[in-house]
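In: Got a sequence here, can you build the structure:
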Amino acid sequence: MANTESAKEFLGSDFEKYRQTLNLAIRSDESYLDAINQYVVGRRGKEIRPVLSLLAGMASGNLSSENYHIAAATEMLHTATLMHDDVADAANMRRGALSVSAMFSAGAAVLTGDFWLARSLDVLIRNCSHEILSNFTMAIQKMSEAELLQLDKADSLDTTEEDYFKIIYGKTAAIFCASLKSAALAAGADQERTDAIVRYAKNIGLAFQVRDDIIDYTPSLKAGKLPGADLKERKITLPLLGAFANCPRQESRIKSRIREIVNVFNGKFTKEEEDIVAEVSAFVMENGGIEYSTRKMEELSSDAVRSLSVLPDSEAKNLLADFAVFVGRRDA
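Out: Just a heads-up that it's a prediction; the model follows:
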């Protein structure tokens with residue numbers, strides 16, 4: 001599952017049905033919008049979320065037509081947030097190519113993101129139950145609340161570990177939960193199996209974000225993420241919180257240095273900001289912040305695997321477990 005292509009191969013025609021559903025949903029008679037949509041589709045990522053959604057449905061029941069619409073809505077919602085994020089972060093690159101905002105314009109990226117968001121909800125309204133629609137609208141609400149909490153904490157720099165996990169649940173895990181829970185329901189899973197899938201989704205979503213936050217301090221992993229990007233936005237993430245826990249006497253000084261970062265969200269670093277990032281990164285590395293975060297990530301990964309124990313044995317279940325194990329490995 002580390003290679004999502006093998007999971008797509010296993011899903012076979014079910015994955016193709018998802019793709020067809022997605023392509024149909026984003027089609028537009030407006031030529032400019034359609035050109036942007038085709039640009040985005042042509043540079044799609046690993047499609048981890050729809051893959052996990054389909055696997056969750058398959059592992060907990062039998063796929064129905066609703067499952068393809070859920071997978072498509074999941075990818076559309078995720079893609080919409082990426083387009084919006086690239087505008088907010090002034091990011092010129094996405095998945096190794098120019099972002100929509102850089103290729104077209106910031107306005108085009110925002111409006112195309114709005115279109116994808118609206119279409120994702122339209123797909124759910126037309127093809128899925130009210131409960132499934134409610135799962136996704138709640139996830140969107142959680143995402144918005146988490147992003148605003150993160151902005152607030154970037155100003156105050158008083159993020160606690162409880163705040164951190166609340167933020168990353170909303171930012172990342174909520175859409176995993178909405179998608180995989182909905183997939184289980186659409187596949188006819190009973191309450192026990194649905195609850196197991198939700199536990200898996202929450203843990204895998206949290207672990208996924210912790211892993212991403214570790215990568216921000218370990219550019220040697222070459223994940224395509226700009227080193228120091230989180231600090232650039234004055235985000236206090238788990239590696240830094242772990243270092244504070246291990247060396248509390250330095251917390252005030254480090255936060256004072258982070259407060260000197262004022263050039264937020266323009267995608268560039270001044271020389272002074274580069275020095276601050278280097279200093280904070282060294283503090284994290286020297287005070288066990290990476291190890292602290294890695295232990296938490298491994299715990300979340302293990303909890304995700306354990307949650308699958310109530311599901312019947314199947315290749316889909318094995319692939320879900322493989323993905324959880326992969327996410328829990330910092331060097332993968």
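
In: which ones are touching residue 234?
Out: Shown in contact with residue 234 (Cβ atoms under 8 Å, 6 or more residues apart in numbering): 154, 155, 157, 258, 259, 261, 264. All C-beta atoms are positioned from the backbone trio N, CA, C, and that covers glycine.

In: next one: residue 83
Out: Residue 83 touches 40, 99, 100, 101, 109, 110, 112, 113, 116, counting by Cβ under 8 Å, 6+ apart.

In: next one: residue 114
Out: residue 80.

In: Do you know the pLDDT at it?
Out: Note for residue 114: predicted pLDDT of 97.

In: Could you export the helix or strand hosting it as CSV, CA atoms only?
Out: In this structure, residue 114 sits in helix 106-127 according to DSSP states H and E. C-alpha atoms of helix 106-127 as CSV (Å, rounded to 0.1, in the frame of the first residue of the first chain):
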residue,chain,number,x,y,z
ALA,A,106,-5.2,33.4,-7.7
GLY,A,107,-8.8,34.3,-8.5
ALA,A,108,-9.1,31.4,-10.9
ALA,A,109,-7.8,29.0,-8.2
VAL,A,110,-10.2,30.3,-5.6
LEU,A,111,-13.2,30.1,-7.9
THR,A,112,-12.3,26.7,-9.3
GLY,A,113,-11.9,25.4,-5.7
ASP,A,114,-15.4,26.8,-5.0
PHE,A,115,-16.7,24.9,-8.1
TRP,A,116,-15.1,21.6,-7.0
LEU,A,117,-16.5,22.1,-3.5
ALA,A,118,-20.0,22.8,-4.8
ARG,A,119,-19.9,19.9,-7.2
SER,A,120,-18.7,17.5,-4.5
LEU,A,121,-21.8,18.4,-2.4
ASP,A,122,-24.0,18.2,-5.5
VAL,A,123,-22.8,14.6,-6.2
LEU,A,124,-23.6,13.6,-2.6
ILE,A,125,-27.1,15.3,-2.6
ARG,A,126,-28.1,13.6,-5.9
ASN,A,127,-26.7,10.2,-5.2
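
In: Would you mark the buried spots in that helix?
Out: Buried residues in helix 106-127, counted by 16 or more other Cβ atoms under 10 Å: 106, 108-113, 115-117, 119-121, 123-124, 127.

In: And stretch 248-268, by the same measure?
Out: 254, 255, 258, 261.

In: can you tell me how far the second one sits from residue 232?
Out: So the one you mean is residue 255. 15 Å (Cβ to Cβ, to the nearest Å).

In: sorry, back to before: the buried residues of stretch 248-268 in helices, which ones?
Out: Using DSSP state H, the members of the buried residues of stretch 248-268 that fall in helices are 254, 255, 258.

In: Just send the contacts of residue 234 back as TSV, with pLDDT too.
Out: Listed next are the contacts of residue 234 as TSV, based on pLDDT from 0 to 100:
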residue	pLDDT
154	92
155	91
157	95
258	94
259	93
261	86
264	54
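
In: Tabulate those (a markdown table), appending distance to residue 291.
Out: As requested, those are exported to a markdown table (distance: Cβ to Cβ, whole Å):
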| residue | distance to residue 291 |
| --- | --- |
| 154 | 25 |
| 155 | 29 |
| 157 | 23 |
| 258 | 21 |
| 259 | 26 |
| 261 | 25 |
| 264 | 29 |
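
In: which of these lies closest to residue 11?
Out: Closest approach between these and residue 11, by Cβ to Cβ: residue 154, at 39.1 Å.

In: ok so, going back, could you tell me which of the contacts of residue 234 belong to strands?
Out: Of the positions in these, not one sits in strands, assigned by DSSP state E.

In: I'm done for today, thanks for sticking with me.
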